[in-house]
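[1] need coordinates for the below:
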Amino acid sequence: MESRLGKCEICTHTEAKYTCPGCEVSTCSVPCVKEHKNIYGCDGTRNTTAYVPAVNESVFRSDYGFLEEIANVVDGSHRLGSKIGFGYIPGNISMMMKHLRTAVHDRHMRLWFMPPEFTKRKMNRSFYNFKSKSIEWTVQTVFHSFENDSHKVYEHKVVEKIPLKNCIEGILAKEESTSWAQFFVTSLPNCTVLLQAEYIKCAKKRFFLMDQEKSLQDNLNHHTLVEFPAFHVVPKALAANFKTITLDEAIEEIKTRTKLERQKKEVKMPVDNESSGSESAPEVEAEPVRKIARLDIPEYKDICKIESDSDEDVAISGNFFNL
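    Next up, the predicted model:
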């Protein structure tokens, strides 16, 4: 029986069995499928945003599957967000990250992890050293110069027990060939070191004042971090452009935010006046619950049962399409 796809477009002498979703090339075997990918540079994935001149059942099934994938992603994100709230705690967290999080908690700090796709997550190589019983951080340092330029540098395996000043000097020593590093080497005593605030309102524009003489651990005590500490080295002449906040103010804001998040999650139960023992109780109007938008996609078999009420030439039959 002759294939409805015709001959294979690669070897041209065997009946075709497969059609590529991406370029719609007909092939007969796995070697021909691989060969067509090399010839046309196709990855076998259908372009879901490409223009379709005419809709048939194959295109409809593909679009329906695409909607189901979107619905699964949306539903999964809502489930994950309802479980963890702010921040990201991956379900398959590595043992090294667990030890790091425990060590940070023991030092009266908070540590949040980001999804693995984020650059900050990929750059983080912080870990807890069991031999020395100390955390070796990945440290991000941004140096701000008078020319409104900033230079971001990452340093790994920074022991938490060393003074912050020595940490910055070590970073500058590795960048001593650059002009901006030479400037900060000589002017570091006249610079202010700030820590990027996290988990508070307008966090990107607010900073904590650090003490260069104290160790990294003492400076980070009671602070909230996302992946790793992010410091900013600023000349004192430019320090007025950076809004600073005290640790007590930040803790108060975090407590307020946490309290509001918990109140949103609480479900208010109706009061039973008969069992309460009081003759009457004032009715309290419940706050409207914000509904999360979800994609309610009907079953494919239910869509196929839909019959068109219009008098168009193309009628939707029990097989959905009658073209």
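
[2] now T246: how far from A240?
    From T246 across to A240, the span is 17 Å (C-beta to C-beta, to the nearest Å). Just so you know, the C-beta spots here come from the backbone N, C-alpha and C atoms, and that holds for glycine as well.

[3] check M210 too.
    Counting by C-beta to C-beta - M210 and A240 are separated by 17 Å.

[4] between these two, who's got more neighbours?
    M210 (23 against 9; other C-beta atoms under 10 Å).

[5] in contact with the closest residue to that one other than its chain neighbours: list those residues for me.
    Nearest in space to M210, with sequence neighbours left out and distances taken as C-beta to C-beta, 6 or more residues apart in numbering, is V193 at 4.3 Å. The contact partners of V193, taken as C-beta atoms under 8 Å, 6 or more residues apart in numbering, are L164, I168, L209, M210, Q212, F231, H232, V233, V234.

[6] what sits closest to G170 if chain neighbours are left out?
    E155 is the one closest to G170 (C-beta to C-beta, 6+ apart), at 7.0 Å.

[7] now C8
    Nearest to C8 is C28, by C-beta to C-beta, 6+ apart, at 3.8 Å.

[8] pLDDT value on the one you found, please?
    C28 is assigned 91 on the pLDDT scale.

[9] ok, it touching E15?
    Yes: using C-beta atoms under 8 Å, C28 is in contact with E15, at 6.4 Å.

[10] and stretch 187-198, which residues are buried?
    For stretch 187-198, a neighbour-count test (16 or more other C-beta atoms under 10 Å) marks L188, C191, T192, V193, L194, L195, Q196, A197, E198 as buried.

[11] now the helix or strand hosting the fourth one: mean pLDDT?
    Secondary-structure element containing V193, defined by DSSP states H and E: strand 191-196. Strand 191-196 shows a mean pLDDT of 90.

[12] then stretch 150-165?
    91.

[13] what residues sit buried inside stretch 241-253?
    Buried, per 16+ other C-beta under 10 Å, within stretch 241-253: I245, A250, E253.
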